[in-house]
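*Asks:* Structure for this input, please:
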Amino acid sequence: MGEAGKKNKRPVLQLPLTSWEKSLEAISIWGVLLHFTLLFTSWESLPEKIPQHFGVTGAPDAWGGKGTLMILPITTLVMYLLLTIISKYPHTFNYLYEINEKNAEVQYRYARYMLVVLKAEIIWSFLYIEWITIQVALGKAKGLGNMFLPIFLIINFGTIGVYFYKARKER
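*Replies:* Here you go, the predicted structure:
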């Protein structure tokens with residue numbers, strides 16, 4: 001039977017959010033709100049030309065109009081909404097291990113935990129990028145710093161690694 005046939009036979013469970021997930025959701029929502037607050041409170045003081053992109057070293061390598069700063073909060077909001085919706089359907093995810101009646105709840109919870117944690121990590125990383133962009137535009141900073149990218153990757157891949165480790169133990 002193909003993977004599509006196996007997905008259709010997976011248990012569909014309605015799992016309420018744990019207190020841990022609710023806390024991370026609140027942290028994520030707070031991050032999204034701070035994105036827009038930061039944008040609106042700093043808009044008037046921004047010069048017309050701001051960093052649009054940072055290279056791997058963390059230094060700005062492209063500049064453009066300050067309107068481009070709207071991209072980060074909007075992207076963050078869309079990402080928050082999409083990941084929140086997707087996390088409600090863990091039975092549709094791709095898994096490394098077969099999902100059955102015995103392991104479905106724990107596998108779904110681990111997958112959902114991973115999404116909720118990644119969502120918070122990415123939202124707050126984007127908020128940091130927005131804040132640094134504003135600081136660079138105002139001449140108060142030189143860039144993200146050369147450790148931003150390695151730290152961002154370690155944190156996010158670390159979260160994914162923890163998920164795979166836990167999911168493997170519960171297969």
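
*Asks:* Nearest spatial neighbour of Met79, chain-adjacent residues omitted?
*Replies:* Nearest non-adjacent residue to Met79, counting by CB to CB, 6 or more residues apart in numbering: Ile122, 6.7 Å away. (Glycine included, C-beta is placed from N, CA and C.)

*Asks:* which one's the longest helix in this protein?
*Replies:* If you go by DSSP state H, the chain has its longest helix at helix 104-137.

*Asks:* returning to what we had before: please verify my assumption that the residue nearest to Met79 contacts Ile155.
*Replies:* No. Using CB atoms under 8 Å as the test, Ile122 is too far from Ile155 to be in contact (9.6 Å).

*Asks:* quick one, which of the two is more surrounded?
*Replies:* More neighbours surround Ile122 than the other of Ile122 and Ile155, with 20 against 15 (other CB atoms under 10 Å).

*Asks:* can you pull the contacts of the more buried one?
*Replies:* Thr76, Met79, Asn156 (CB atoms under 8 Å, 6 or more residues apart in numbering).

*Asks:* Ok, Val12 next?
*Replies:* Taking CB under 8 Å, 6+ apart, one finds His91 in contact with Val12.

*Asks:* quick check, it in a strand?
*Replies:* No. Counting by DSSP: H, G, I helix; E, B strand; the rest coil, Val12 is located in no strand; its state is coil.

*Asks:* Now the phi/psi pair for it, please.
*Replies:* phi -100, psi 110 (degrees, to the nearest 10).

*Asks:* Could you do the one 3 residues further on as well?
*Replies:* Per-residue torsions, Leu15: phi -100, psi 120 (degrees, to the nearest 10).

*Asks:* so it sits right up against Val106, yeah?
*Replies:* No. Leu15 lies out of contact with Val106 (CB under 8 Å); the separation is 10.2 Å.

*Asks:* Done for today, thanks.
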